[in-house]
Every structure is written in structure tokens, then in C-alpha cells.
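Q: Okay, here's the prediction I keep looking at, along with the sequence it came from:
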Amino acid sequence: MIMFLSFKSDDEKNKFEYIYDKYKRLLLYKSYEILKDHNLAEDSVNEAFMRIYKNLHKIHDVDSNMTISFLVTIVKNTSLSLVVKEKKYAKEEIPETSEDDFNLEDFVISKITSTNIYKILDKLDEESRSIFLLKFAKDLSHRDISKILNISENNVAIKLHRAKKKLADLVKKEVMNNS
């Protein structure tokens, strides 16, 4: 992959190669945690490194925790984007949760097509969207989501509830605007 990128200097090329060599395995691991598919994780990491290349000027200390956090955030975002793309191509509807009792918000959400859901999901903040997609698009448990996002299971449940409520409000607005 590196041979197709055009670097401005040898220092920039060396910096990128160092990052690639040092962090590729970590990024693959993080991507696989989300995608649970080796081929998709590879695709996600390749896309992440393209984004890293475009943002290389933002990385000053390649060994810092800030850099690691930056790289992991990029690969999480590319992985979650792949989740969305996979669901769009499969034309599947987002499944209802089996953990909650029936309520109007869940019913409304379940009746919206997946294409419309993804447009509406884009209106949520990144963390809410991530939790929602991990739960409903990847069908992960609260425990798995808490491990991926490094937050408590209770926090996952609270944020998922808030995301569903916010999403339901956005859906209601969308339905009212289209009426």
C-alpha cells in the first residue's frame, strides 16, 4: 500500500512507515473487535491508513498516547462505517432489541427503512451512533460494546436508551415533515 502514496519528503515517508509497522496489528485487532470478520477488518485498516496518510501532519509524536488514541479513533470510525455500508448493501432492517419490552419508540424505529435510518443516524452524535450501530447492526451485547468503547455496561445501557429516544424523536420529526 505504501508504494502508491506520494510523500512530500523522506521524513514524512519514514514517519508513515514507522506508524504502519508499529500500529498495524493494534488497528487490526481493534477493527476485528467491531467487525468480527478478518477480511472486513483488513479493509477497514487499509481505509484507516489512507485517512492517517491524509492527516499525517497532525501527528507530532508517533509514540505518544495521543497518537495511539488518534489512530484507534480513526480505525473505529472506518470500522463503523463499514458496518453501515454492509447493512445498506444487505438492505436489512435494524432488528428490534430483545432486552427491552415493547414501547412506541422501538415500534416506530422498526418501521423505518434501513436507508432512512442511516440518514437519520447521521444526525446523532458520534458516540450515540456508534453504540446504536454496535447494538443493532452488529447485534453485540452490552458487555461487548462496553469492551469495544471502553465504558461500563451500565453506561452503555444508559447511552443506548438515550440514543433510541433521540432517534425516535428524529424519526417522528422526519415523519411529520414528510406528511
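A: Looks like it arrived, so ask away.
Q: since we're on residue 139, how many residues are nearby?
A: By other Cβ atoms under 10 Å, 13 other residues sit near residue 139. For glycine as for every other residue, the C-beta is placed from the backbone atoms N, C-alpha and C.
Q: so where is the protein shaky, pLDDT-wise?
A: 1-5, 87-118, 175-179 (pLDDT under 70).
Q: ok, 50 please
A: 2-3, 91-102, 105, 109 (pLDDT under 50).
Q: Helices of the chain, residue ranges please.
A: Ranges of helices within the chain are 10-35, 38-54, 65-90, 104-111, 114-121, 126-136, 142-149, 153-178, based on DSSP state H.
Q: most neighbours per residue, which of those?
A: helix 126-136 (a mean of 21; mean count of other Cβ atoms under 10 Å).
Q: tell me the angle of that one relative to helix 153-178?
A: Comparing the axes of helix 126-136 and helix 153-178 via axes from the mean of the first three to the mean of the last three Cα atoms, to 10 degrees yields an angle of 100 degrees.
Q: Contacts for helix 126-136 next, please.
A: 34, 76-77, 80, 83-84, 94-95, 97, 121-122, 124, 140, 142, 144-145, 148-149, 156, 159-160, 162-164, 166-167 (Cβ atoms under 8 Å, 6 or more residues apart in numbering).
Q: Confirm for me that residue 137 is in contact with residue 84.
A: Yes: between residue 137 and residue 84 there is a contact under Cβ atoms under 8 Å: 7.1 Å.
Q: Please report the distance of residue 80 from residue 10.
A: Distance of residue 80 to residue 10, computed by Cβ to Cβ, to the nearest Å: 34 Å.
Q: tell me the centre residue of this structure?
A: Nearest residue to the geometric centre of the chain (Cα atoms, centre = their mean): residue 80, 2.5 Å.
Q: Thanks again, I'm all set now.
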